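Undergrad: Any chance you can model this:
(one chain, ligands or ions: 1)
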Amino acid sequence: MVQAIDVHKFFDELHVLKGINLTIERGEVAVLLGPSGSGKSTLIRCINELEQISAGRMYVDGDLMGLREENGRLYRLSDKAIAKQRSRIGMVFQRFNLFPHMTALENVMEAPRQVLGMTKAEAEADAREQLERVGLSDRADHYPSQLSGGQQQRVAIARALAMKPELMLFDEPTSALDPELVGEVLQVMKDLAASGMTMIVVTHEVGFAREVADKVVFMDDGVIVEAGVPADVIGNPQEDRTREFFAKVL
Ligand SMILES: Nc1ncnc2c1ncn2[C@@H]1O[C@H](COP(=O)(O)OP(=O)(O)OP(=O)(O)O)[C@@H](O)[C@H]1O
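TA: Sure, this is the predicted structure:
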C-alpha cells in the first residue's frame, strides 16, 4: 500500500528525513514512534502530499505520489491530479478542525458532497453509517462546541472514513485530549484496524502500539532506526537508540 524509497525531506537547510525506506502492506497497521522532532509527522505528511518530498520516491497503492515519470524524467503532477491521489488517503490530525457552524452529520457529509459529488441523500445516509461506526449516532445533530474532545475526534475519523479511503493516516490523534477521553478514540482506531483498514499512526501511546500494531517503526533524527513486530522493537530492541527511548517512556 505504501512504499517509500530513499525519501528525503529538507525544510530549507534543515534535513528532516534522511533516506527513509519503508513498506506498508495492505491491511497492515504501522505505528511510528520516536522522540519529538525525529520526523514522524513529516513522514506521514509526505505520504499524503501535504509536504512535497525533496528526493526519493513515494508510492501509494502503486501510484507515484505527486510526480509523473516520463522518459526517465520527473514532472510534477497538476494540482487536480494530486488532489485525486490525496482523496484516497484519510488523515486525522491532533486538532480535529471540524467546521464549527456545521453539525457532526454535516461535517461528515461535506467532503463526499463536494469532492465525490454524492447527492445530499446519499451523503447523509453514508454519514449516518460512519457516525454509527464511531459510536456517535446519537450526536449527529450536535455542533462541535456541544461535543467533548474525544467525540470531536471521533467525528473527524468518521469524516475521513466518509471519503472511502484505502489508507488512513493518524498524526498524534489523542495528544490534544484530556486523559480520560483518550481511550474512546483509541477504541475506535482498534475497531478500524480490526476491520482491515491499512493505517499508519504517529502516537506516543506505546500500549496501543503493542496491542494493535503489526509493525512498529522507531524513528530518530530523520532515519528509521528499527522496524518490526512490537515484541521485537519494543520488547527486545537491537539498537541502543531504540533501547534508550523505550527505557525512558515505558
Ligand atoms: N513546515 C516546516 N518548516 C520547517 N521545519 C519544519 C516544518 N515541519 C517540521 N519541521 C521540523 O522538522 C523536524 C521534524 O518535525 P516532525 O514534526 O516531523 O517531528 P515529529 O517526530 O513528528 O515530532 P513530534 O513528536 O514533536 O510531533 C523538527 O525539527 C521540526 O521543527
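
Undergrad: Which stretches in the chain count as strands?
TA: Assigned by DSSP state E, the strands in the chain fall at 2-11, 14-24, 29-33, 55-60, 63-64, 67-70, 73-76, 89-92, 167-171, 198-202, 215-220, 223-228.

Undergrad: need these in a markdown table with distance to Gly183 and mean pLDDT, can you?
TA: Any C-beta I mention is one placed from the backbone N, CA and C, and that applies to glycine too. Shown next, in a markdown table, are the strands of the chain (distance: least, CB to CB, whole Å; pLDDT from 0 to 100):
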| stretch | distance to Gly183 | mean pLDDT |
| --- | --- | --- |
| strand 2-11 | 28 | 98 |
| strand 14-24 | 26 | 98 |
| strand 29-33 | 17 | 98 |
| strand 55-60 | 30 | 95 |
| strand 63-64 | 36 | 92 |
| strand 67-70 | 40 | 89 |
| strand 73-76 | 42 | 89 |
| strand 89-92 | 16 | 97 |
| strand 167-171 | 15 | 98 |
| strand 198-202 | 15 | 98 |
| strand 215-220 | 20 | 98 |
| strand 223-228 | 27 | 98 |
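
Undergrad: Could you list the residues in contact with stretch 54-61?
TA: Stretch 54-61 has contacts (CB atoms under 8 Å, 6 or more residues apart in numbering) with 1-10, 17, 19-20, 46-48, 64-67, 85, 88-89, 166-167.

Undergrad: quick one, what contacts Gly196?
TA: Applying CB under 8 Å, 6+ apart, we find Gly196 in contact with Gly27.

Undergrad: how close does the residue positioned nearest the centre of the chain sit to Gly66?
TA: Among the residues of the chain, Leu169 comes closest to the average C-alpha position under CA atoms, centre = their mean, at 1.1 Å. The spacing between Leu169 and Gly66, counted by CB to CB, to the nearest Å, is 15 Å.

Undergrad: now Val206
TA: 32 Å.

Undergrad: Same question for Val229.
TA: In terms of CB to CB, Val229 sits 31 Å off from Gly66.

Undergrad: Neighbour count: those two, which is higher?
TA: Legend: neighbour count by other CB atoms under 10 Å for Val229 and Gly66, higher for Gly66 (20 against 13).
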